[in-house]
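1. fold the following, please.
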Amino acid sequence: MITIGLTTWTDHPALINHENRKVTLTEYAGHFPVVEVDTSFYGVPRISTVENWQKSVPEKFQFILKANQLMTLHDGASVDDYLSDEHRLVFTDFKKMVRPLVKQDQLKTILFQFPPYFNCETANIRYLRDVRVLMGDLPIAVEFRNASWYDPAVRDETMLFLKKLGMTHVSVDEPSAVSNGVPLVDTVTNQNLAMLRLHGQNAKGWAEQGPNWRSTRTLYKYSEAELQDFAKLVRKLESQVEEVCIIFNNNSGKDAAGNALRLKEILGINFEGLGPLQLGLF
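-> Below you'll find the model as predicted:
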């Protein structure tokens with residue numbers, strides 16, 4: 001099975017042919033079967049918020065939730081600090097928040113996107129094991145943003161470790177030649193799910209460290225040739241896993257939706273059970 005989605009649902013005017021308002025979740029769900037939610041990175045949503053999301057989508061629609069920033073070491077504290085009662089509470093609250101999604105089989109995975117300074121060292125390897133213990137049997141996907149995990153001397157061991165932990169390794173497309181980029185490694189570590197996150201190839205924007213980095217790093221529109229290459233990669237992965245999920249994050253110029261819809265055409269796939277009629281709106 002192949003699924004395609006975007007990061008967030010509001011900022012994709014190509015889906016509604018309207019530049020002056022936000023896309024609703026219901027409108028988004030008429031085009032794609034999955035969405036990646038990043039609000040959970042900044043604060044754990046209320047359970048009532050999650051339940052409202054569920055009311056807005058078809059029953060087979062699924063969510064990828066970004067792990068909260070305290071769960072991915074984004075505040076610069078040491079690994080030991082994350083084993084304190086305060087930080088364990090964030091994990092507890094997050095697990096409670098996703099229960100409605102788990103109950104309805106609408107949680108595809110929880111994305112742990114670690115910061116660039118989360119390198120391949122003993123303390124961080126232990127932390128990955130701690131994450132699995134703290135999260136129980138919930139589905140987890142891991143995106144590394146430090147190239148040390150892909151050093152030829154340790155890459156195979158990295159993938160084997162994720163496999164033992166039952167975690168999906170996230171393959172990413174981003175400018176790997178810059179100092180803060182990583183290569184696209186398509187190794188499968190979870191037979192249930194392979195995941196691609198496509199950030200674009202804006203090397204100058206990716207290397208930007210100034211105040212506008214969020215608006216420049218994903219300013220990229222994939223070409224037809226690049227999308228054709230992704231289609232070949234997806235077909236390769238499809239033969240190895242139950243599901244391949246592709247998330248487009250190249251949206252600084254509002255290009256993600258168009259690229260995603262085109263990849264869907266290239267792959268010749270249709271997503272069943274989408275659209276307002278299935279939601280009982282008409």
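2. gap between the two ends of stretch 19-33?
-> Taking C-alpha to C-alpha, to the nearest Å, stretch 19-33 runs 23 Å from one end to the other.
3. figure out how far it is from the centre of its chain.
-> On the basis of C-alpha atoms, centre = their mean, to the nearest Å, stretch 19-33 sits 18 Å off its chain's mean C-alpha point.
4. L138 against K96, yeah?
-> No: here L138 does not reach K96: they are 11.5 Å apart, not a contact under C-beta atoms under 8 Å. (C-beta placed from N, C-alpha, C; glycine too.)
5. name the residue in these two with the higher neighbour count.
-> Applying other C-beta atoms under 10 Å to L138 and K96 shows that L138 carries more neighbours, namely 18 against 11.
6. OK, contacts around the closest residue to the more buried one other than its chain neighbours?
-> Distances taken as C-beta to C-beta, 6 or more residues apart in numbering place I110 nearest to L138, at 6.0 Å, with adjacent residues excluded. Taking C-beta atoms under 8 Å, 6 or more residues apart in numbering, we find I110 in contact with I64, L65, K66, A67, F94, V98, M135, L138, P139, I140, A141.
7. let me see the contact set for V154.
-> Going by C-beta under 8 Å, 6+ apart, V154 touches C120, S148.
8. K22 versus that one, what's the distance?
-> 43 Å (C-beta to C-beta, to the nearest Å).
9. same check, this time on D93
-> Counting by C-beta to C-beta - D93 and K22 are separated by 27 Å.
10. cool, and P175?
-> 29 Å.
11. compare neighbour counts for these two and give me the winner.
-> Neighbours per residue, other C-beta under 10 Å: of P175 and K22, the larger number sits with P175, 20 against 14.
12. would you list the phi and psi of that one?
-> Phi and psi for P175, reported as degrees, to the nearest 10, are phi -70, psi 100.
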